[in-house]
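Q: Got a predicted structure here, sequence first:
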Amino acid sequence: MSVDEADAIVTVGEPLPKLASVTVADGPFTVLVTWAGGTRLGCTDKVDLAPVIFTFKVFRPLRDGTVAFDAVRLGAWGGSIRWDGHDDLEIGAETIEDLAAAAMTNAEFSDFLRRNDLTLDAAAAQLGIARRRVAYFTKDREIPRYIALACRQLDEILTSGSRTEDSPSAGRAVGERGRS
């Protein structure tokens, strides 16, 4: 093996995410992150960290206010976010990237409706929510994570063409179970 081969950089898969900055956003347990590397390079995302903070016991000091949430800082080399003086309070950039990918903006929701040729009534039926909520989501209301995930799943189903009129699930809302 030559020296050049030994020093060559091998890349496999997607690049690891790297954060450029983090600031506290307007919601509880919500941050605004700017990406310095990875698939979201150059993007700025509003990320709700509540699913992580309310899942793991290690984050109890953030939940009960013992540690101020607004003391969040960028971790070493942009690979995480952390809270100074509390080495165990750290959330990796990969986890933050997953949470950012699960979120949906109002513009993305409107694009989802257009792309799948869904009316407000049709989207409400597919998502199992009121028509009025669908209308709110196209304008300015924050889209809950479960709705964003349901839209992504429905988008995949509708664009893949795997759903046919003969399918046993035809006509059911996402997440609705039938009797077999």
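A: Good, I have the coordinates.
Q: for the spatially most central residue of the chain, what are its contacts?
A: By CA atoms, centre = their mean, the chain has its centre lying nearest to Ala102, at 2.3 Å. With contact taken as CB atoms under 8 Å, 6 or more residues apart in numbering, Ala102 is in contact with Arg145, Ala148, Leu149, Arg152. Every C-beta, even on glycine, is put in place using the N, C-alpha and C of the backbone.
Q: Show me these that map onto helices.
A: When the contacts of Ala102 are checked against helices using DSSP state H, the ones located there are Arg145, Ala148, Leu149, Arg152.
Q: Turn the buried ones among those residues into a named ChimeraX selection, would you?
A: Of the ones in helices among the contacts of Ala102, the buried ones can be selected in ChimeraX as follows, counting by 16 or more other CB atoms under 10 Å:
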select :148,149
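Q: And the next helix or strand past the helix or strand harbouring Glu108?
A: For Glu108, the enclosing helix or strand under DSSP states H and E is helix 106-115. Downstream of helix 106-115, the first helix or strand assigned by DSSP H and E is helix 120-127.
Q: Restricting to C-alpha, output that next one in CSV.
A: Written as CSV, here are the backbone C-alpha positions of helix 120-127 (Å, rounded to 0.1, in the frame of the first residue of the first chain):
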residue,chain,number,x,y,z
LEU,A,120,-58.7,20.2,2.8
ASP,A,121,-61.5,17.6,3.2
ALA,A,122,-59.5,14.8,1.7
ALA,A,123,-56.5,15.6,3.8
ALA,A,124,-58.6,15.8,6.9
ALA,A,125,-60.1,12.4,6.2
GLN,A,126,-56.7,10.8,5.5
LEU,A,127,-55.1,12.3,8.6
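Q: which of the residues in that helix are buried?
A: Neighbour-count burial for helix 120-127, counted by 16+ other CB under 10 Å, picks out Leu120, Ala123, Ala124, Ala125, Gln126, Leu127.
Q: Tell me the one of these nearest Thr159?
A: Gln126 (13.4 Å; CB to CB).
Q: so that closest one sits right up against Asp155, yeah?
A: No - shown here, Gln126 and Asp155 do not form a contact pair, counting by CB atoms under 8 Å, at 10.4 Å.
Q: Nice, that's everything, thank you.
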